[in-house]
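[1] Predicted coordinates and the sequence they were generated for:
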Amino acid sequence: MASPPDTMRGSMRAARTTFLIFLLVSGFQVLHYYPKLPEQVASHFDGSGEANGFQSRSMFLAFHAGAVVILSVISLLVPALLHRIPPALINMPRKDYWLAPGRRESSLALMAALLTWFGVASLALVTVVIELVLRANLPGGGGQLSPVLLWALLGAYFLFVGIWLCLVFTRFRGVPD
């Protein structure tokens, strides 16, 4: 059986790899769809999936790229720098216990893996929603999104967030006996 540090490294490696795959898919989306999109694209949709906001194709894709860059910084850079952040700037329950010598490295490794997986889920949501928006903007795409599909995606994401929060709080909530 793998030791916890090996398991943590494997989880972190899997999270980074999965994140990079979604990053590549996101880049492919831009390269694939950009020449096919009209100059003005629907960029905002109401609760029933009807387009009610528009912007230029280049501005839309710039916002998309900005969102992906911000997610990348938060999901990859912050976990990588977590070991260098002073404990006073880390907000977690019972940090005196979890960040004590002997536990600090494993606690921060777990937190880094959890943060990276959160980033994976967030980038997955953005990638899938952008795919739906891009397809809706293609000629013949109808300019409309499926509200059922969007709510299902948001529901799945919020379910992930709930499970993620439970993992964080149950892992770091108290001090073992």
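    Ah, there it is. Numbers count the residues shown, from 1 in each chain.

[2] So the closest residue to residue 173 other than its chain neighbours, which state does it fall into?
    Distance criterion C-beta to C-beta, 6 or more residues apart in numbering; nearest residue to residue 173, sequence neighbours excluded, is residue 93 at 5.8 Å. Quick note: C-beta positions are derived from backbone N, CA and C, even for glycine. Judged by DSSP: H, G, I helix; E, B strand; the rest coil, the three-state class of residue 93 is coil.

[3] Show me where this protein has its helices.
    4-33, 57-72, 78-81, 95-98, 104-137, 147-172 (DSSP state H).

[4] Looking at these, spot the one closest to residue 46.
    helix 147-172 (8.8 Å; C-beta to C-beta).

[5] And for the residue nearest to residue 173, the neighbour number?
    Using other C-beta atoms under 10 Å, residue 93 has 14 other residues around it.

[6] Give the full set of residues in contact with it.
    With contacts defined as C-beta atoms under 8 Å, 6 or more residues apart in numbering, the neighbours of residue 93 are 169, 172-174.

[7] now do residue 52
    By C-beta under 8 Å, 6+ apart, residue 52 lies in contact with 44-46.

[8] could the residues you listed be laid out in CSV, adding neighbour count and pLDDT?
    Formatted as CSV, those follow (neighbours: other C-beta atoms under 10 Å; pLDDT from 0 to 100):
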residue, neighbour count, pLDDT
44, 11, 92
45, 20, 91
46, 11, 89
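
[9] got those as CSV, with distance to residue 33 columns?
    As requested, the contacts of residue 52 are exported to CSV (distance: C-beta to C-beta, whole Å):
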residue, distance to residue 33
44, 18
45, 17
46, 22
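
[10] so what's the residue nearest the centre of the chain up against?
    Central residue of the chain (C-alpha atoms, centre = their mean): residue 122, 2.2 Å from the mean position. By C-beta under 8 Å, 6+ apart, residue 122 lies in contact with 71, 75, 157.

[11] Compare those and tell me which is most surrounded.
    In terms of neighbour count, residue 75 stands highest of the contacts of residue 122 at 24 neighbours, by other C-beta under 10 Å.

[12] coming back round to it: in strands only, show me the contacts of residue 52.
    44-45 (DSSP state E).
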